[in-house]
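Q: Provided below for reference: sequence and predicted model.
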Amino acid sequence: MKFRPKKLSLALARTFGAGMAVTMVSVAYAQTVVPLPPTQVTGSRIVSPNITSTSPVAQVTAVDIKVEGINNIENLLNNLPQVFADFGSTITNGATGTSSVDLRDLGSQRTLVLINGRRLPAGSPTFYPTDLNEIPAPLIERVEILTGGASAIYGSDAIAGVVNFIMRENFQGLQLQFDDSFYQHNQHNNLANVIAARAVTSPAQFVVPGDVGSIGNVYDASITMGSNFADNRGNATLFFHYKKDDAVLEKSYDYSACATGSTADTATSPSHLTCGGSGTADPPRFINLHSNSTLPGGGVTFGPNGTLKPFLAADQFNFAPFNYYSRPDERYGFNAFAHYDVNEHARAYGEFSFNDDHTDALIAPSGIFQTEQTLSNRNPLLSQTFKDAFGINATTNGDLLIGKRNVEGGGRDDDRRHTAFRGVVGVKGDIFKNWDYDVFVQTGKVIYQETYFNDFSKARIIKALDVVSDPVTGQPVCQSKLDGTDPNCVPYNIFTPGGVTQAALAYLQTPGLQKGSTQQSVQGATLTSDLGNYGWRLPWAKSGIGVAFGVERRIEKLDLQTDTEFSTFDLAGQGGPTIGLGGQFTVKEAFGEVRVPIMENQPFADLLSINGSYRYSDYSTDKTTNSYGIGAEWAPIKAVRLRGSYQQAVRAANIIELFQAQGLNLFTQGSDPCGGPTPTATLAQCQRAGVTAAQYGSALLTNPAGQYNYLQGGNPALDPEKAKSTTLGVVFTPMKNLNASVDYFNIKVDNIISAISPALVITQCLTAGQFCDLIHRDAQGTVWLTGFVTATTQNLGSFKTSGVDVTFDYVYPMNNYGSVDFNFIGTWLEQFKKDVGTGLGPYDCKGLFGATCGTPAPEWRHKARVTWSTPWNTDIAATWRHFDKVKIDNSSSDPQLAGPFNPVNGEMAARDYLDLSASWNATKQITIWGGVNNVFDKDPPIVDSAIAGSPFGNGNTYPQVYDALGRKIFISLQYKF
């Protein structure tokens with residue numbers, strides 16, 4: 001076979017018809033690229049000069065990356081309407097240290113990420129989906145996004161679709177590139193007035209921020225070099241990359257400088273946002289657990305003069321200023337691509353990549369989180385007033401819940417590092433006449449290191465509060481130091497303002513350590529042929545039947561080791577224990593694909609073709625899967641092409657889902673429905689949930705922090721998920737330079753691998769008597785002291801989503817003034833239904849957000865761009881990004897979602913963003929481009945922080961969805977030798 005260099009996306013834009021998101025500047029040139037060489041598109045392994053995709057394929061090019069000023073890959077993808085927010089740089093509390101992509105809101109674990117058509121290893125031993133941080137933006141030639149099942153072509157995980165990064169691998173010359181960006185913001189949010197009011201009484205916790213001139217700088221530098229060798233029979237391309245992101249704190253913005261709460265409508269005041277916070281506060285909060293207590297049920301704290309006073313809402317701790325709004329990050333990378341034509345039948349090729357990513361997630365201080373503590377009358381740190389208030393005397397110890405933030409030691413600091421290696425070696429060519437082969441071996445590994453600083457040891461808290469007088473010196477001393485069980489113990493004096501010493505902090509603050517790795521090994525071989533060379537073509541077609549066959553063997557390994565602090569849940573600021581795990585599986589696969597042109601250049605059939613694909617997978621976990629796809633396209637005339645596909649895709653359980661060790665974690669639910677002075681559930685309902693008549697109501701303690709225990713863990717018996725996806729569309733090319741498409745999609749996923757929501761377990765037990773056996777209350781009737789809810793991983797329920805994608809691209813030539821490109825891509829969401837296995841059927845999250853539905857799922861999203869390519873070596877672009885309004889899920893009429901909510905949280909308003917950019921080819925060697933995103937500096941919509949919480953909420957909003965950091969300004973310089 002003859003080897004030809006790959007054409008850029010200019011050619012592929014034409015190949016796809018309108019694809020989904022043909023890019024702005026590139027399409028203008030696409031009209032002149034003829035003829036096309038043999039091409040392989042994402043979603044098929046068949047190579048043909050005429051192949052098109054029967055499933056919608058969106059495309060983003062290097063030009064788009066420049067126009068949008070993108071440094072983080074997740075931001076590039078999140079701007080597409082079919083992509084929903086997932087983990088990224090603006091997630092702090094619960095951060096994985098990775099970035100991931102979620103197509104159609106079906107979960108990032110159901111989106112397969114490829115580089116040059118080959119899958120990447122698991123992103124982290126703590127979070128399985130591929131880490132986009134491994135992919136350097138400056139090296140990307142284009143990104144192809146296929147939505148809809150593609151497991152028959154690529155294997156497991158391609159349920160929602162595939163994101164295929166095509167890298168620049170045939171470079172000649174030397175290119176230097178430097179990018180710099182930062183954020184600027186003028187404060188103008190109404191929440192500033194609320195912060196100012198709180199600052200009057202709590203100036204240390206509440207500060208109204210001033211305007212931001214420059215924040216969150218991102219520096220990105222790269223070197224690309226390459227050359228042909230051996231009389232142009234080979235090429236080697238090298239890429240070096242460095243990127244540094246500065247941190248941004250929530251205290252920098254008036255809409256995130258306080259943790260919001262909310263009020264209900266009253267006769268005198270409409271529902272509004274407040275500055276709330278956490279019940280674990282500073283000064284500390286004390287709740288008496290003695291049944292004969294006369295203290296307020298909400299507990300007491302120290303007033304300004306050191307006397308005890310009732311703990312009120314105004315005493316809550318404002319945790320927001322400590323949190324990162326955008327994490328700092330430092331990254332080093334190296335990539336190498338090479339190929340060499342050994343002879344006319346064999347091309348040897350190789351790829352290697354190295355990426356070291358180091359990030360840091362800072363959140364509010366640790367401390368004593370409303371845990372039960374015993375205080376002795378012997379404790380010299382306690383005043384007599386304090387002892388009297390809590391009934392502490394010579395015969396009775398104090399039994400208290402204590403909530404105290406470690407403000408003296410600062411925020412919890414989660415230091416995470418991922419170091420990734422990936423290598424590919426292969427040979428491709430023609431094995432005999434008309435048959436092409438590709439044989440490769442691929443290996444990848446991600447090494448993970450985590451150190452969690454500034455958390456408190458729960459075991460040491462107990463010792464540091466068990467204080468007596470030293471019999472020799474008379475000074476306060478830990479009992480454990482006197483009896484020799486812990487000679488390092490230092491008293492923790494939280495009972496006197498300024499009483500906490502650095503020595504006590506040094507004793508209590510205990511690091512948590514984790515390390516591990518993920519590994520992937522793949523061996524594969526593919527044979528493809530155009531059987532038309534043997535006369536295998538239908539009489540009405542010019543092209544022959546195309547086929548592809550192949551086999552793959554893949555091994556996935558994962559290992560996570562945790563220290564005693566993590567594994568025993570000794571760290572006070574963690575949601576539960578993090579227990580090490582290890583496991584692996586092997587999958588052996590065989591696959592095939594066929595494409596049959598039925599008619600070409602015939603009346604009413606400029607093109608009519610069908611295609612089919614199948615893959616059989618055999619897992620070492622004793623599971624097998626069958627995935628398949630069929631597709632068809634019909635162009636009655638050249639200007640109109642109808643296309644459709646039907647796929648069965650699969651996702652086998654990953655190693656974490658299979659082998660995660662079981663342990664307790666925390667979930668948020670406000671107050672216990674069976675507790676408090678006015679329980680929201682009846683006695684009969686609560687008795688089903690394990691509450692006795694004596695415990696019902698005020699006698700049942702509810703957690704002041706609204707956090708409860710649940711048991712999590714893996715399940716080796718999990719069955720694979722199965723999805724059925726259908727796409728139907730039409731592509732229009734009615735005139736030169738005009739492409740448009742409309743595509744309907746429908747995806748249903750069954751056998752969902754998921755942990756049932758512990759909050760849902762409680763609700764269903766109370767209302768329907770379902771799942772009651774999963775609730776385990778302790779002797780006090782709680783599910784937060786030692787009680788818990790079982791919520792391990794199972795095959796539960798289904799997801800279903802459907803909608804319509806619309807694209808339009810038109811290039812208008814203006815003779816001596818260049819051309820103007822009008823580009824549009826939008827998605828209408830018809831439904832997004834979730835059935836979580838309760839037996840109550842699905843609920844629809846279209847147009848909703850909240851505790852149950854999660855991140856906003858707008859009914860309509862679009863991105864529109866106008867680009868003027870001038871004849872003066874300058875391009876100017878304006879982009880309009882639109883997000884429809886979304887309503888809180890509790891506002892739904894569906895009884896599974898309906899519930900009380902404060903009206904101020906009822907809706908997150910629509911957002912429209914304007915971005916401007918320009919590029920200038922100053923010389924043949926120098927290109928300069930820059931721009932401003934969110935030109936009008938629009939604030940994100942904000943709601944109660946308890947609603948926009950982790951994992952994907954942060955700073956009272958969803959920063960992975962909305963522009964939360966203000967106006968972004970960027971500039972780049974590229975020099976080519």
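A: Nice, I can see it.
Q: quick one: buried residues of stretch 283-300?
A: Using 16 or more other Cβ atoms under 10 Å as the test for burial, stretch 283-300 gives P283, P284, R285, F286, I287, N288, L289, L295, G299, V300. C-beta: built from backbone N, CA, C; applies to glycine.
Q: And for that stretch, what's in contact with it?
A: With Cβ atoms under 8 Å, 6 or more residues apart in numbering as the contact definition, stretch 283-300 has outside contacts at 279, 301-302, 308-312, 315, 368, 370, 372, 389-391, 398-405, 494, 497, 677, 698, 701, 704.
Q: First-to-last residue distance for it?
A: 10 Å (Cα to Cα, to the nearest Å).
Q: Relative to the whole chain's centre, how far out is it?
A: Here stretch 283-300 is found 40 Å from its chain centre; the criterion is Cα atoms, centre = their mean, to the nearest Å.
Q: that older thread, of the buried residues of stretch 283-300, the lowest pLDDT goes to which?
A: Taking pLDDT as the measure, the buried residues of stretch 283-300 have their low point at L295 (79).
Q: Going by secondary structure, that residue is in what exactly?
A: When secondary structure is defined using DSSP states H and E, no element contains L295, which sits outside every helix and strand.
Q: Among the contacts of stretch 283-300, which ones are in helices?
A: Secondary structure of those is defined by DSSP state H; positions in helices are A389.
Q: Return the members of the contacts of stretch 283-300 classed as buried.
A: 279, 301-302, 308, 311, 315, 368, 370, 389-391, 398-405, 494, 701, 704.
Q: Tell me which of those residues fall in strands.
A: Under the assignment DSSP state E, the buried ones among the contacts of stretch 283-300 contribute 301-302, 308, 368, 370, 398-405 to strands.
Q: farthest pair in these?
A: The largest distance within those, taken as Cβ to Cβ, falls between D399 and R405 and amounts to 21.7 Å.
Q: thinking again about what came up before, want to throw the buried residues of stretch 283-300 into JSON lines with distance to F549 and secondary structure?
A: JSON lines is the format used below for those (distance: Cβ to Cβ, whole Å; DSSP: H, G, I helix; E, B strand; the rest coil):
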{"residue": "P283", "distance to F549": "72", "secondary structure": "coil"}
{"residue": "P284", "distance to F549": "69", "secondary structure": "coil"}
{"residue": "R285", "distance to F549": "68", "secondary structure": "strand"}
{"residue": "F286", "distance to F549": "72", "secondary structure": "strand"}
{"residue": "I287", "distance to F549": "69", "secondary structure": "strand"}
{"residue": "N288", "distance to F549": "74", "secondary structure": "strand"}
{"residue": "L289", "distance to F549": "70", "secondary structure": "coil"}
{"residue": "L295", "distance to F549": "76", "secondary structure": "coil"}
{"residue": "G299", "distance to F549": "70", "secondary structure": "coil"}
{"residue": "V300", "distance to F549": "75", "secondary structure": "strand"}
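Q: V60: which of those residues is nearest?
A: For the buried residues of stretch 283-300, the closest approach to V60 (Cβ to Cβ) belongs to R285, at 50.4 Å.
Q: Mind listing the residues bridging to the closest one?
A: With DSSP bridges applied, the residues forming beta bridges to R285 are T301, G403.
Q: Neighbours of G216, how many?
A: Using other Cβ atoms under 10 Å, G216 has 24 other residues around it.
Q: repeat for D805
A: Using other Cβ under 10 Å as the criterion, D805 is surrounded by 23 other residues.
Q: any idea which element it lies in?
A: Judged by DSSP H and E, D805 forms part of strand 798-813.
Q: list the helices and strands the helix or strand that comes right after that strand packs on?
A: Beyond strand 798-813 on the C-terminal side, the first helix or strand identified by DSSP H and E is strand 819-835. Under the contact criterion of 3 or more Cβ pairs under 8 Å, 6 or more residues apart in numbering; DSSP states H and E, the helices and strands touching strand 819-835 comprise helix 24-30, strand 798-813, strand 843-844, strand 860-869.
Q: Reformat these as a markdown table; add distance to D483 and mean pLDDT.
A: Shown next, in a markdown table, are these (distance: least, Cβ to Cβ, whole Å; pLDDT from 0 to 100):
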| stretch | distance to D483 | mean pLDDT |
| --- | --- | --- |
| helix 24-30 | 74 | 30 |
| strand 798-813 | 57 | 96 |
| strand 843-844 | 57 | 96 |
| strand 860-869 | 64 | 97 |
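Q: Name the SS class of the closest residue to S919 other than its chain neighbours, please.
A: What sits nearest to S919 in space, not counting adjacent residues and going by Cβ to Cβ, 6 or more residues apart in numbering, is W929, at 3.6 Å. W929 carries the three-state label strand when classified by DSSP: H, G, I helix; E, B strand; the rest coil.
Q: quick one: W929 from A918, how far?
A: From W929 over to A918 the distance is 7 Å, taken as Cβ to Cβ, to the nearest Å.
Q: who has more neighbours, those two?
A: Under the criterion of other Cβ under 10 Å, the comparison of W929 against A918 puts W929 first, with 22 against 16.
Q: wait, what's in contact with the more buried one?
A: K66, V67, S917, A918, S919, W920, I971, S972, Q974.
Q: about what we covered before: give the pairing partners of the strand holding D805; include direction for each.
A: Using DSSP bridges, the neighbouring strands of strand 798-813 in the sheet come out as strand 738-750 (antiparallel), strand 819-835 (antiparallel).
Q: Figure out which of those strands is closest to S376.
A: Between S376 and those, the tightest spacing by Cβ to Cβ is seen for strand 819-835, at 51.2 Å.
Q: what comes up buried for that closest one?
A: Neighbour counts over strand 819-835 (16+ other Cβ under 10 Å) mark 819-821, 823-829, 832-835 as buried.
Q: closest to L382 among the residues you listed?
A: Nearest to L382 among the buried residues of strand 819-835, counting by Cβ to Cβ, is K834 at 51.4 Å.
Q: Name whatever forms a beta bridge with the closest one.
A: Going by DSSP bridges, K834 forms beta bridges with F799, Y843.
Q: same thing with K557?
A: In this structure, K557 has the following beta-bridge partners (DSSP bridges): Q519, Q584.
Q: isn't there a helix covering I46?
A: No. With three-state DSSP as the criterion, I46 is located in coil rather than a helix.
Q: ok, and for stretch 714-723, which residues are buried?
A: Going by neighbour count (16+ other Cβ under 10 Å), the buried part of stretch 714-723 is G714, N715, L718, P720, E721, K722, A723.
Q: On the three-state scheme, the last one is what?
A: In this case it means A723. With three-state DSSP as the basis, A723 sits in strand.
Q: Where does pLDDT dip in this structure?
A: Low-confidence segments of the chain, defined by pLDDT under 70, span residues 1-40, 48-51, 291-292, 950.
Q: if we can go back for a sec, looking at the buried residues of stretch 283-300, which two lie furthest apart in space?
A: Taking Cβ to Cβ, no two of these sit farther apart than P283 and L289, at 19.5 Å.
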